[in-house]
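Participant: any chance you can model this:
(chains A and B, ligands or ions: 2)
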Amino acid sequence: MRLRLQVNGSQREAEAREHESLLTVLRERLGLWGSKNACEQGECGSCSVLIDGDLVCACLVLAGAAQGRDVRTVEDLAAGEHLHPVQRAFVDAGAVQCGFCTPGFIVATAALLRDNPEPSDAEIREALSGNICRCTGYGKILEAVHRSAAQGYTS
Amino acid sequence: MTIAPPKTRLRGVVGESAPRADAPPKVKGEFVYGSDLSREGMLYGATLRSPHPHARIARIDVAAARAMPGVRAVLTSDDLPTREKFGLMRADQPVLATRVVRYVGEPVAIVAADDPEQARLAARAINVEYEPLSAVTDPVAALQSAAPKLHDPKDGNVIEDVRVVHGDPDARADVVVEGEYEVAMQDQAALGPEAGLAVPGPDGSVTLHIATQWLHEDLRQIAPCLGLPEEKVRLVLAGVGGAFGAREDVTLQIHVCLLALATKRAVRMTYGREESFYGHVHRHPARMWYRHGATRDGRLVFVRATIVLDGGAYASSTFAVVANAACFGGGPYRVPNALIHAVGAYTNNPPTGAMRGFGAVQSCFGYEAQMDKLAAALVIDPVELRARNALENGDRIVTDQQVEGSAPVAEVIRRCAALPLPPQRSSNDPLELPGGAGNLTHGEGVKRGVGFAVGLKNVCYSHAFDDFSTARVRVERDQGGVVARVHTAASEVGQGIVLVCEQIARTELGVQRVIVETPDTTIGSAGSSSASRQTWMTGGAVLAACREVKAELVTRARGRRLDDVDVAELLDTPVERVVTHRHRPTEKRNDTTQNDGHVAFLFAAHRAVVDVDVDTGLVKVVQIATAQDVGKAINPLAVIGQLEGGIAQGLGLAVMEEVQLKDGAVRNASFTDYLLPTMLDMPPVVCDLIEFPHPDAPYGAKGVGEPPTISSTPAIVAAIRAATGRALERVPVRPDDIVFGASSHSGWRVAAGDDPRGAERVR
Ligand code: FES
Ligand code: FES
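Facilitator: Ligands and ions are numbered 1, 2, ... in the order given. As a prediction, this is how the structure comes out:
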């Protein structure tokens, strides 16, 4: 089927199979490799994207269902070399090791801080509990979220 | 080599928490992992795997699959260019199952097609007729003489058999404690799935872009299986999404190259999560029988242990895992007398191999549980008992090798014990309690416990392995000024070896701009990113190469001090040096395992505080404290990242992570069913980095990756025991074990130290 998607502010078209997930289409059909596939079951958050502002796992959304809606991926955040404040905070806090979970955490953190600019530890843990990181043990990720909050990040 | 780094005003030198150069592309989603690779017109590979733990292959019919749309190649063992087998330490695994399958998930056929869906469907359309054989899934049973032999009948099902005989193993003691312990199968669960892209060359060669821990070892195994000389196979490191041991073995490497060579097209293979559980090796499950004896004043007299490790269907690194379990099975203590017998068995379970801390993780769970039992029997504080027996420089571990270049283990223990405890629980807010948002308790049945554990392991490869790393360092002038380029084959798997190389080169050369090039096989091997060894080995190689480059710069400066000259002026031609760095030789293991088999030892201590709901059996880890002798923290932030990340994996093994098997088949091959610690499960970590330099290591820096995973697990379980009074002789601890005190004995009677081949079934 022919898909028409609005991704990161531009109209994109792709040929895809009916049952393909938004994640597959973003990655394999549109070449937006930033959203990662680690579980394909909605368990790890590596594929986190925003649809009409809502945080979702792109692996659980049928690409067809995203048509006519505003899809935002990790690629939308930085302006060229200029990192988004959440991205900067992850770099500075040492929250990135292998980095496979990182795009998902960045998108989820940006969504969290948009809704709750000064989250407590408990609120951060709850909000990001759908994102798995196997490398860091989360300590530096927690710190990165606080750092971005302290920098007064709002979208 | 413990010369202090030169003074400099550079940013990002040794000892600084410099940010990673690969972090900006990673936060932007631009970093290219193995699964992100693509080529115009590439094909996609898929694998058909065995549904049986043990069966004869009667017939394979690929006609239907070959006729399907988009299918470009279907290969079975009949189509292989050679009969070569592969394997990390013993070549015992066929590239595709030949006549017999030995585990559920063993590759039987591979397919390349125009799109991934077509490849998957075609693999499913291959018709294989199996004649099931009886399967051996209990490793103790596999060792008995009546068991069916899975490989060469001569050795039975023994992969490796290691005995440590130290002092007088029959020594007697005032107080004796014993126990049987079990460690279940853990998965590395690296977030990035196995992935690779093979591109055939016009001359019959192939280039493989691959996420791996050791490019050259892959090459050594791949080339013969393709029937090609090594010169015709080139490997380039693709972005690696974590490894933890799972990428030490060959998974899809040979398959994807075969498909590329057969189709003369680029082919990508990527495992999904379920296939990843079948496709890579896991941590060895272990059964352990331990007996400890001590004097009444709390000095260890002897340790006896029998350890059986389930190697699964193929050997992988079982040899080293068995040796580690035995060598470190006495713990970080002065043990004058010991008899430790460790055996690795072939079974029809999925193959097991490397995972962070291998061998040492399993035995640490056993001996640390014993130390607590001993403390209780002697009525001595468990921390005090450990400190009283702790090793220090000059003491010998049970393999009779002296400890050198380490902080006294008693100091590691005391510094860990001195870290601040978390405050008492102040509220009954369910979010703060076990079960969290599940709202399962208001605190009625919640009990707090504190537990402690200490571990040890070797760094680098042991037992006369020729362990080396190669580095090329080149300093040159370009439009941006002076730049240092560092090339090694060391795999950056997330741990930060790129950062280590960069910081060392910057420090040694005094050059701000350092570029670490993509690892590939055009340079000599760096060895594996495993055994906590890359800082020591590749860090050491880069350090040595930098010093040679610097010596040449000094020559070119003709008597002027380098600080006083503009280095750019000396670089009309670049300076380049290649150095191969080896650690001091180690000895081959002898019959009793009594010699200098290891390079050096790593020590860490962990203290865990837990809240346990004794009504539901749920555990909330409240805090982990750790002290670790790291030698020198080249990048303190990265070191803490290794500690926290390793502890998270230790926590997983303590309370949630288990690959569940039924008749050899994995029952929980997904992240829905295989539980991993999330941010809600992982508590704050407080750490104390002890910097006691080792004289042979670069700047004294020891490896740091594994110790966090070794003693964190037993510390957490000790804390749960303290809270509940349950024996808990198995990890992961399950809610039922806490509520009902369920036991998990193997059903075998073994006297600790005895050969498990003489085990008797308990009736
Ligand atoms: S890949 Fe979508 S949640 Fe894991
Ligand atoms: S950094 Fe590797 S999974 Fe999070």
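
Participant: kindly report the domain assignment for chain A.
Facilitator: Domain assignment for chain A, taken from automatic domain parsing, gives A:2-75, A:85-150.

Participant: which strand or helix spans the closest residue to A:Arg72 other than its chain neighbours?
Facilitator: Leaving out its chain neighbours, the residue that sits closest to A:Arg72 by CB to CB, 6 or more residues apart in numbering or on different chains is A:Leu50, at 4.1 Å. Every residue, glycine included, has its C-beta placed from N, CA and C. In this assignment (DSSP states H and E), A:Leu50 forms part of strand A:48-51.

Participant: so what touches that strand?
Facilitator: For strand A:48-51, contacts defined as CB atoms under 8 Å, 6 or more residues apart in numbering or on different chains pick out A:22, A:26, A:35, A:55-58, A:61, A:66, A:69-74, A:103-105, A:107-108, A:111, A:131.

Participant: pairing partners for that strand, with directions?
Facilitator: strand A:54-57 (antiparallel), strand A:70-72 (antiparallel) (DSSP bridges).

Participant: now for the very next helix or strand once past the last one, which elements pack on it?
Facilitator: Later in the chain than strand A:70-72, the nearest helix or strand by DSSP H and E is helix A:85-93. In this structure, helix A:85-93 makes packing contacts with helix A:102-115, helix A:139-150, helix B:23-28, judged by 3 or more CB pairs under 8 Å, 6 or more residues apart in numbering or on different chains; DSSP states H and E.

Participant: could you check how far the residue in chain A positioned nearest to chain B is from B:Val303?
Facilitator: Residue of chain A nearest chain B, by CB to the nearest CB: A:Gly34 (2.2 Å). Using CB to CB, to the nearest Å, A:Gly34 is found at 52 Å from B:Val303.

Participant: which of those two has more neighbours?
Facilitator: Comparing A:Gly34 with B:Val303 by other CB atoms under 10 Å in any protein chain shown, the one with more neighbours is B:Val303, at 29 against 25.

Participant: a strand runs through that one, doesn't it?
Facilitator: Yes - under DSSP: H, G, I helix; E, B strand; the rest coil, B:Val303 sits within a strand.

Participant: my read: it touches B:Ser363, true?
Facilitator: No - in this structure, B:Val303 is not within contact of B:Ser363 by CB atoms under 8 Å, at 10.1 Å.

Participant: what about whatever residue of chain B ends up closest to ligand 1, neighbour count?
Facilitator: Residue nearest to ligand 1 within chain B (CB to the nearest ligand atom): B:Phe671, separated by 6.9 Å. Neighbourhood size, B:Phe671 [other CB under 10 Å]: 22.

Participant: ok, it touching A:Arg134?
Facilitator: No - between B:Phe671 and A:Arg134 there is no contact under CB under 8 Å: 10.4 Å.

Participant: find the residues that touch each one of these two.
Facilitator: Shared contacts of B:Phe671 and A:Arg134 (CB under 8 Å, 6+ apart): B:Ala189.

Participant: per-residue pLDDT, residue 90?
Facilitator: Just going to use chain A. pLDDT recorded at A:Phe90 is 98.

Participant: look at chain B instead
Facilitator: pLDDT for B:Arg90: 96.

Participant: for it, what are its contacts?
Facilitator: With contact set as CB under 8 Å, 6+ apart, B:Arg90 has these partners: B:159, B:315, B:319.

Participant: ranking the residues you listed by neighbours, who comes first?
Facilitator: Top of these by neighbour count (other CB under 10 Å): B:Ile159, with 26 neighbours.

Participant: what's in contact with the helix or strand hosting it?
Facilitator: According to DSSP H and E, B:Ile159 maps onto strand B:158-166. By CB under 8 Å, 6+ apart, the surrounding residues in contact with strand B:158-166 are B:90, B:143, B:311, B:315, B:318-319, B:322-323, B:325-327, B:329-330, B:335-346, B:398-400, B:589, B:591-594, B:757.

Participant: and the buried ones among those residues, selectable in ChimeraX?
Facilitator: This is how ChimeraX selects the buried members of those, with burial counted by 16 or more other CB atoms under 10 Å in any protein chain shown:
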select /B:90,143,311,315,318,319,322,323,325,326,327,329,330,335,337,338,339,340,341,342,343,344,345,346,398,399,400,589,593,594,757
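
Participant: okay, and which of the contacts of strand B:158-166 map to helices?
Facilitator: Judged by DSSP state H, helices contain the following of the contacts of strand B:158-166: B:143, B:318-319, B:322-323, B:325-327.

Participant: got the residues of chain A near ligand 1?
Facilitator: Counting by CB under 6 Å from any ligand atom, chain A comes close to ligand 1 at A:37-40, A:42-47, A:57, A:59.

Participant: now that we have the residues you listed, which one has the most neighbours?
Facilitator: A:Cys47 (30 neighbours).

Participant: and that one, what is it in contact with?
Facilitator: A:Cys47 sits next to A:23, A:35-38, A:57-59, A:104 when contact means CB under 8 Å, 6+ apart.

Participant: same question, B:Arg265
Facilitator: Per CB under 8 Å, 6+ apart, neighbours of B:Arg265: B:41-43, B:72, B:112, B:200.

Participant: one step back: give me whichever of the helices and strands packed on helix A:85-93 is most buried.
Facilitator: helix A:102-115 (a mean of 25; mean count of other CB atoms under 10 Å in any protein chain shown).

Participant: close to chain B, is it?
Facilitator: Yes - contact of helix A:102-115 with chain B (CB under 8 Å from any CB of the partner chain) involves A:102-103, A:106.

Participant: stretch B:263-282 near ligand 1 at all?
Facilitator: No - applying CB under 6 Å from any ligand atom, one finds stretch B:263-282 out of contact with ligand 1, separated by at least 7.8 Å.
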